[in-house]
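Undergrad: With the input below, show me the fold.
(chains A, B and C)
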Amino acid sequence: MTTVRAGAVAQATPLTLRERLRLWLDSEPVLAYLFMSPGWLILLLFMSYPFFLGIWISLTDRTVGSATGTFVGLQNYRELLHDSVFRLTVLNTFIYGFVTVPFKLLLGLLLALLLNQVFPLRNVLRAALLLPWIVPTALSSLAWLMLYDAVLSPFSWLLKNWGLIESNIAFLGSRTNAIISLCVANIWRGTPFFAVAILAGLQAVPQELHEAAAIEGANAFQRFVTVTLPVIKGIIVITTLFSIIWTFADFQLVYVLTKGGPANSTHIFGTFAWQEGIGGAGKLGMGAAVSLYMFPVLAVLSALLLRYVRSQEA
Amino acid sequence: MAQVIYDHVTKRFDGVIAVNDLNLEVKDGEFLVLVGPSGCGKTTALRCLAGLEEVTSGDIIIGDRVVTHVPPKDRDIAMVFQNYALYPHMTVYENMAFGLKLRKVPKQEIDRRVKEVAEMLGIQDLLNRKPRQLSGGQRQRVALGRAIVREPQVFLMDEPLSNLDAKLRVQTRGELIKLQRRLGVTTIYVTHDQVEAMTMGHRIAVMNQGVLQQLDTPENLYDHPANLFVATFIGSPAMNIFPAQVVSGEGTVRLVAGDITLEALTEHRSRLAEYSGREVLVGIRPEDLIVQPGTVTEDRQLRLPVEIVEPLGSETLVHLRGPNGALVAKAEPHLHFSVGELASVRVRIEHMHAFDPQTELALF
Amino acid sequence: MVGSNRLSSRLLFLYLPLALFTLFLLFPFYWMLIISLKPNSLLLNTKVNPLYLTQFTLEHYRYLLTNTDFPRWAWNTVVVTFGSTFLSLTSSILMGYALGRFRFRGGNLAGTLIFLAYLIPPTLLFIPLSQVVARFGLYNTYWALILTYPTFLIPFASWLLMGYFRTIPKELEECAMIDGASRFQAMWRIILPLALPGVLSAGIFSFTLSWNEFLYALVFMGSGHMKTIPVGTVSDLIRADVFQWGPLMAAAMLGSVPVAVAYMFFVDQYVSGLTAGAVKG
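TA: Next up is the predicted model:
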């Protein structure tokens, strides 16, 4: 009926240094940092370090030839602001990033709704329609390059054949045409991503909700708005933010289709930075400055994204 | 085969004390049950023994080794989890062999042991199945088998029966008891079910809010609870508790609560005398309130109105209106009580308990 | 099923839109295919209907494989892709495990930082990174890409795997540790097999992203024999403004096939990896 005292069966001896070390190594915080070290090392060496180095370089007049270049402060940044090509680049990137996204979203949503239905060969189609996103952009852009060719484009041929136009369309020949062409190719590539993500969300909507709404008298559109939309809202926001970020920081599509031409009129940040820093004059400092102009926008977008994701998790 | 000692073990989580200065000695081959309401610290205490939690202070001793800082894999223990924790991607055989393979036991020895234990538990036909193909009861046996095969010094069991349905639970309870008695391995068993505790343990450790309340055999816990918590936790329906005034007079000591006057036994008089003029808490188990319908004249009978009648078949529970709330009594099944009517109650004074209202310790 | 089931409405509202989408999304691949098989005489003939094949030839593929460096590019791409996938997978498994299962201070912060690392894109880093690569003497070697690709592979893969690891009950590990496993053995023999779908998803993703990468390959490994398929195809098959469309499309086809095939075999893993980001947020 009593609690028992511990017998002097074995005296606890103080730990040896070796044992203490083993214990320390086995503790969770230490193991955690140990496990994470390879990943962190790579990220530190090839992401953090270059990031800060980039800031430094952008403040110098370094070129591909010279070793380090001299410090020039914000000169590069100021020069760019006065550069008409750069200003056009900024405009282009915003157009490219923000105009394509609504299209990708709407088309993706529509496609997702279609793919959510039951029909023969559904799985095959679902897999096949993701291909524009899967395949290397540089390579699919080559296909678009030919589709947009001033001489060989089948689109021109078809429209001429139907008597709708007289001469071939110069898809990439003028700034306006080129931007539209770029946007179309971008929408082509990005729509499947939206479709697949939204489709996953649609499949998470419980069937009973649809049935309950239908019994209450809601038609298809009303059901969509009251039942489906709230459930997929989160996915839509997240996917959209990701898409804007990626499109903003794009490179391959524009590089292959126009290289920023004609006459530097379709550059986006990535291609212009490349042209300034690597191609041509090799002005590394200038190129780095161009790239870094992207950072504020990206920071704002990713902060938004992070906040939204955190709020969903809570 | 070994004894287990908790020596002043305390476990603190971020300011919350889950286990408070636990001192416990489990004898070699004993089946010790740790029981208490949820949050009482019993699972934490078990996990400290397993090495899954680091003690904040104190020592754990298994056999003749101090294992406080020894990792789980070197403590020579085996554990059965509440959810069985069977490795889903391995067959039953592989599940049971896993621990032995890690210890580099030779293949033939592993095979022999696994097959032997599987036969003991009746799962020898399931050796090639995966956990998801098994029923709850079968999984439980595999979890047991995995522990037995290791031939450890101590078995740890964390509510292993709580995921089984009621009938299977009772049946498995009996089998577990037989198994443990046969294997003779020291076993620490955690449960929140006091019926399980009472039927299975050699001794039971009752815990509440991290503190060990009482360590004793089931009979002693029932007949001689050390404090109010143990008294009301063990036994179902719970012991009736009500405050009463201690009145000492001409050679007797009486406990007075409203209309009820109970005379204390001789051997308890001196103990109660210390509380003369003050209140104590009186405890009487339902089966110690002998109740009959109607009013039969006989001395030392109380008359109390009946509020609720619960016929259970083997007995009837009668809720009476006492001086301080309801009193539950167990009655013979053939007696018929009417709600609102009076019933006669005789108290078995010899089984009465009293508790200090402040410390809640038992006076007797 | 809720909604109209009549054939006419299905035709109008389901099959027609689907057909339009299929046309839009898959036409460029069709084009790629037929151009790669169309003889040059027909290719450059603007009078005939370009939309179907009347004759076909394997000349362009032969040319590609024998007269260009394409086989070399293919080998380079394979080495770089497998190397960087392997490196990023091992790092990510360890990192995802640490973030998902260890309790330690700074766990949340680490997770956030990983997520943010995801959002410093290659177009921002490539210029200074080229200097870093040169300084480490890795310029124009496989290591230039094998070591730099993980920067955009690890964040996503770690986060994906962290989610997977979190779904595995803690008791399994604890039981393994009591059974005699060290922390690492528990991870290797118990947790990892159970997280295999996640590992596969992360692997497929890494494979695809590595194979398709262009900018770093162009800048760090862009000369002579070290080009990857995307870079080589774009730079070498356009000679003095003359586009050799046949071989170009053949290269585009061959360069896309491995990724498409890997994807086809692991569609479910790929999609679940993709949507893990979007759905779980």
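
Undergrad: The helix or strand hosting A:Phe242 and chain C in contact?
TA: In this assignment (DSSP states H and E), A:Phe242 forms part of helix A:229-248. Yes: Helix A:229-248 reaches chain C (CB under 8 Å from any CB of the partner chain) through A:234-235, A:238-239, A:242, A:245-246. Just so you know, the C-beta spots here come from the backbone N, C-alpha and C atoms, and that holds for glycine as well.

Undergrad: For chain A, just list every one of the strands.
TA: Assigned by DSSP state E, chain A shows no strands.

Undergrad: what's the residue nearest the centre of it in contact with, if anything?
TA: Ranked by distance to the mean C-alpha position of chain A (CA atoms, centre = their mean), the top residue is A:Trp246 at 2.2 Å. With contact set as CB atoms under 8 Å, 6 or more residues apart in numbering or on different chains, A:Trp246 has these partners: C:Pro121.

Undergrad: any idea how far B:Asp14 is from it?
TA: 41 Å (CB to CB, to the nearest Å).

Undergrad: wait, what's in contact with residue 151?
TA: If you meant another chain, say so; for now it's chain A. A:168, C:46.

Undergrad: that's the wrong chain, I wanted chain C
TA: Per CB under 8 Å, 6+ apart, neighbours of C:Thr151: A:42-43, A:46-47, C:117, C:125.

Undergrad: Could you do C:Leu237 as well?
TA: C:68, C:243-244, C:247-248, C:251 are the contacts of C:Leu237 under CB under 8 Å, 6+ apart.

Undergrad: Nearest to chain B among those?
TA: C:Ala251 (42.3 Å; CB to the nearest CB).

Undergrad: Next, count neighbours for residue 248.
TA: The chain I'm using is chain A. 22 (other CB atoms under 10 Å in any protein chain shown).

Undergrad: ah, no, chain B please
TA: Quick note: B:Ser248 (other CB under 10 Å) scores 15 neighbours.

Undergrad: For it, which three-state class applies?
TA: At B:Ser248 the chain is in strand, as set by DSSP: H, G, I helix; E, B strand; the rest coil.

Undergrad: Skipping adjacent residues, who's closest to it in space?
TA: In space, B:Ser248 comes closest to B:Ser276 once its chain neighbours are excluded; the distance is 4.4 Å by CB to CB, 6 or more residues apart in numbering or on different chains.

Undergrad: hang on, that neighbour packs against B:Gln245?
TA: No: contact status for B:Ser276 versus B:Gln245: not in contact, 9.5 Å apart, counting by CB atoms under 8 Å.

Undergrad: distance of the residue in the stretch 51-200 of chain A that chain B sits nearest to from C:Val271?
TA: Going by CB to the nearest CB, chain B is nearest to A:Ala200 of the stretch 51-200 of chain A, at 24.7 Å. As for A:Ala200, its distance to C:Val271 is 7 Å (criterion: CB to CB).

Undergrad: Also B:Gly36?
TA: On the measure of CB to CB, B:Gly36 and C:Val271 end up 48 Å apart.

Undergrad: Between these two, which has more neighbouring residues?
TA: The residue with more neighbours, out of B:Gly36 and C:Val271, is B:Gly36; 28 against 20, by other CB under 10 Å.

Undergrad: what residues are up against the more buried one?
TA: B:42, B:192, B:206-208, B:213, B:233.

Undergrad: which among those gets closest to C:Asn45?
TA: B:His192 (85.4 Å; CB to CB).

Undergrad: Tell me, how many residues neighbour that closest one?
TA: 17.

Undergrad: so where's the chain uncertain?
TA: In the absence of a named chain, this looks at chain A. Within chain A, the segments meeting pLDDT under 70 span A:1-15, A:22, A:24-26, A:67, A:313-314.

Undergrad: Oops, wrong one, chain B.
TA: Ranges of chain B meeting pLDDT under 70: B:1, B:297-301.

Undergrad: What does the pLDDT read for C:Tyr118?
TA: Per-residue pLDDT puts C:Tyr118 at 67.

Undergrad: for the chain, what's the longest helix?
TA: Since no chain was named, I'll use chain A. helix A:84-115 (DSSP state H).

Undergrad: if you could check chain B rather than the one you did, that'd help
TA: Assignment by DSSP H; longest helix in chain B turns out to be helix B:166-183.

Undergrad: Just the buried positions in that helix, please.
TA: B:169, B:172-173, B:176, B:179-180 (16 or more other CB atoms under 10 Å in any protein chain shown).

Undergrad: which one of those residues sits closest to B:Leu255?
TA: B:Arg173 (38.8 Å).

Undergrad: contacting residues for that closest one?
TA: Contacts of B:Arg173 by CB under 8 Å, 6+ apart are B:161, B:196, B:199-200.

Undergrad: Farthest-apart pair in those residues, please.
TA: So, the contacts of B:Arg173 by CB to CB: farthest apart are B:Leu161 and B:Thr199, at 11.2 Å.

Undergrad: Name the residue in the two with the higher neighbour count.
TA: B:Leu161 (21 against 14).

Undergrad: Correct me if wrong: the more buried one contacts B:Val195.
TA: No: contact between B:Leu161 and B:Val195 fails when scored by CB under 8 Å: they sit 10.8 Å apart.

Undergrad: Chain C contacts on chain B?
TA: Going by CB under 8 Å from any CB, the residues of chain B near chain C are B:50-52, B:71-73, B:75, B:77-79, B:81, B:83, B:85, B:87-89, B:98-99, B:102-103, B:146, B:150, B:156.

Undergrad: Mind doing that once more with 6 Å?
TA: B:50, B:52, B:72-73, B:79, B:81, B:83, B:85, B:87, B:89, B:98-99, B:102-103 (CB under 6 Å from any CB of the partner chain).

Undergrad: For the residue of chain B most remote from its centre, give its distance to chain C.
TA: Most distant residue from the mean C-alpha position of chain B: B:Glu250, 42.2 Å away (CA atoms, centre = their mean). Distance from B:Glu250 to chain C, counting by CB to the nearest CB, to the nearest Å: 65 Å.

Undergrad: now B:Ala231
TA: B:Ala231 is 35 Å from chain C, by CB to the nearest CB.

Undergrad: And the closest residue to that residue other than its chain neighbours, how far from B:Leu22?
TA: Distances taken as CB to CB, 6+ apart put B:Pro225 closest to B:Ala231, at 3.7 Å, once the chain neighbours are dropped. B:Pro225 sits 19 Å away from B:Leu22, going by CB to CB.
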